[in-house]
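Chemist: Please work out how this folds:
(one chain, ligands or ions: 2)
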Amino acid sequence: MVDPLLLDGEPVAGAELLPDGVGDLVEGGEGAHGWKDRRVSTPSRDLVRRAPKALLHDHLDGGLRPQTIIELAADCGHELPAGTEGDAEALGRWFAEAADSGSLVRYLETFDHTVAVMQTEAALTRVAKECVLDLDDDGVVYAEVRYAPEQHVEAGLSFDDVVAAVQAGFDAGVAETGGRIVVRQLLTAMRHQARSREVAELAVAWRDRGVAGFDIAGAEAGFPPTRHLDAFEYLQRENFHFTIHAGEAFGLPSIWEALQWCGADRLGHGVRIIDDITVGDDGSVTLGRLAAYVRDKRIPLEMCPASNVQTGAADSIAEHPIRLLTELRFRVTVNTDNRLMSGTSMTDEMWSLVQAFGYRLEDLRWFTINAMKSSFLPFDERLRIIDSIIKPGYAALGAR
Ligand SMILES: O=c1[nH]cnc2c1ncn2[C@H]1C[C@H](O)[C@@H](CO)O1
Ligand SMILES: [Zn+2]
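Modeler: Numbers count the residues shown, from 1 in each chain. Ligands and ions are numbered 1, 2, ... in the order given. Model prediction:
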């Protein structure tokens with residue numbers, strides 16, 4: 001039988017599973033998607049942590065443990081911000097506060113301190129391994145983790161050395177979990193630099209050794225994705241996958257270029273697609289041409305709510321466009337972006353949505369299956385994780 005959750009029409013969480021009228025005997029409310037559910041309450045934070053989660057947008061250099069930064073900084077002689085020396089808690093707070101500026105450009109300045117301590121093979125391998133262990137501990141079963149190789153060659157490593165060192169860390173981390181988590185690399189090119197073609201070729205060269213895709217990141221305004229058209233055209237000729245940070249600090253033109261000029265498979269953030277959606281006083285919703293295209297084509301949105309609030313792309317979680325986009329059944333996924341800078345985790349991101357919007361376990365499963373469907377893994381591997389890990393995992397926690 002065809003599984004309704006895998007159809008491209010993407011029935012809303014629980015829609016088939018609990019028709020109106022079922023479960024009327026127990027108190028409850030209306031689910032996040034408007035479906036009636038009178039038996040399931042919102043999950044606790046612990047339940048959210050135990051639920052299987054899939055993560056498509058997480059930066060390796062945005063997720064270091066503060067204590068690791070302190071140790072690596074001591075090894076390489078990097079000076080950390082005044083007042084944080086030797087104090088992991090203070091350093092963690094410094095990142096969260098410095099990143100909480102309301103500006104993407106200032107947010108990105110905090111990466112100077114993480115990138116600086118990730119310039120040797122040993123440091124990259126350690127950070128990559130700890131990343132896997134932290135994600136596993138957070139209940140993540142599938143992750144695509146990105147970073148920009150061009151930022152890790154200051155001490156003389158080659159691009160290949162960098163990718164190999166990160167892969168060694170991922171392999172070691174996965175082995176330590178007993179294979180409970182699947183992790184792939186995405187290689188990022190910095191949009192203000194001019195190395196995207198090289199990085200794209202690097203990603204393709206590593207496609208069967210742990211690299212699943214390509215990305216561009218960095219300050220968005222003034223650096224449109226079409227600057228890197230050569231890299232994207234190369235990737236398309238290679239039948240490779242890529243996502244583009246777009247529609248975060250800049251609006252619709254950036255999203256339009258990413259999709260219609262560059263051919264992105266997914267949008268990093270894409271939150272400003274909301275600018276092409278009009279909600280009338282009577283609650284009626286009108287999609288502009290671009291928003292309709294994004295929804296019709298099931299373009300995955302890698303949404304990162306906490307990061308968006310920090311960079312000013314959204315005013316608060318409660319006002320985050322993820323709510324409307326979810327109601328309108330865009331292909332929404334939930335992500336961390338930078339766990340260190342946002343002091344967040346997949347559990348925290350999902351938990352904040354549960355608190356703000358009353359989402360249920362079924363909604364979290366919907367986000368998770370959306371993410372798995374949108375991953376850059378081969379189709380059969382995506383299906384295996386959905387069928388043998390995500391669905392049974394949610395069922396075991398009581399989702400229907
Ligand atoms: O949310 C983001 N938007 C644009 N660029 C970002 C974001 N988060 C991290 N980056 C940058 C800073 C990192 O050094 C780089 C590679 O991971 O990507
Ligand atoms: Zn990002």
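
Chemist: any low-confidence regions in this structure?
Modeler: Low-confidence segments of the chain (pLDDT under 70): 1-40.

Chemist: Go ahead and flag the most central residue of it.
Modeler: Closest residue to the average C-alpha location of the chain: residue 57 at 2.2 Å, with Cα atoms, centre = their mean.

Chemist: Which parts of the stretch 201-350 of the chain are strands?
Modeler: According to DSSP state E, counting those that start in this stretch, the stretch 201-350 of the chain carries its strands in the segments 211-217, 242-246, 266-269, 277-279, 285-287, 301-303, 332-334.

Chemist: before we move on, back to that, and the contacts of the helix or strand containing the residue nearest to the centre of the chain?
Modeler: Counting by DSSP states H and E, the element that carries residue 57 is strand 53-59. Strand 53-59 is contacted from outside by 131, 135, 138-147, 188, 217, 243, 266, 268-269, 300, 302, 304, 333, 335-339, 346-347, 350, 364, 368, 371-372, 374-375, 385, 390, using Cβ atoms under 8 Å, 6 or more residues apart in numbering. For the C-beta atoms, the positions are set from N, CA and C on the backbone; glycine is no exception.

Chemist: I'd like the next helix or strand past it.
Modeler: helix 66-76.

Chemist: quick one: is that next one near ligand 1?
Modeler: No - taking Cβ under 6 Å from any ligand atom as the criterion, helix 66-76 and ligand 1 are apart, separated by no less than 13.9 Å.

Chemist: Now do that helix: which elements does it pack against?
Modeler: Judged by 3 or more Cβ pairs under 8 Å, 6 or more residues apart in numbering; DSSP states H and E, helix 66-76 is in contact with helix 88-99, helix 111-115, helix 121-137.

Chemist: Enumerate the positions of the last one that are buried.
Modeler: Same thing as helix 121-137. Neighbour-count burial for helix 121-137, counted by 16 or more other Cβ atoms under 10 Å, picks out 121, 123-136.

Chemist: got a markdown table for the helices and strands packed on helix 66-76, with distance to residue 310 too?
Modeler: Rendered in a markdown table, the data for the helices and strands packed on helix 66-76 read as follows (distance: least, Cβ to Cβ, whole Å):
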| stretch | distance to residue 310 |
| --- | --- |
| helix 88-99 | 5 |
| helix 111-115 | 13 |
| helix 121-137 | 20 |
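
Chemist: Looking at those helices, which is nearest to ligand 1?
Modeler: Closest approach to ligand 1 among these is made by helix 111-115 (4.0 Å; Cβ to the nearest ligand atom).

Chemist: contacting residues around that closest one?
Modeler: Helix 111-115 is contacted from outside by 61-62, 64, 69, 73, 78, 80-81, 95, 151-152, 340-341, using Cβ under 8 Å, 6+ apart.

Chemist: Show me which pair in these is furthest apart.
Modeler: Farthest-apart pair in those is 81 and 152; separation 21.0 Å (Cβ to Cβ).

Chemist: Could you check which of the two has the larger neighbour count?
Modeler: Shown here are residue 81 and residue 152; by other Cβ atoms under 10 Å, residue 152 has more neighbours (24 against 14).

Chemist: Look up the closest residue to the more buried one, ignoring the ones flanking it.
Modeler: Nearest residue to residue 152 in three dimensions, chain neighbours excluded: residue 162, at 4.7 Å (Cβ to Cβ, 6 or more residues apart in numbering).
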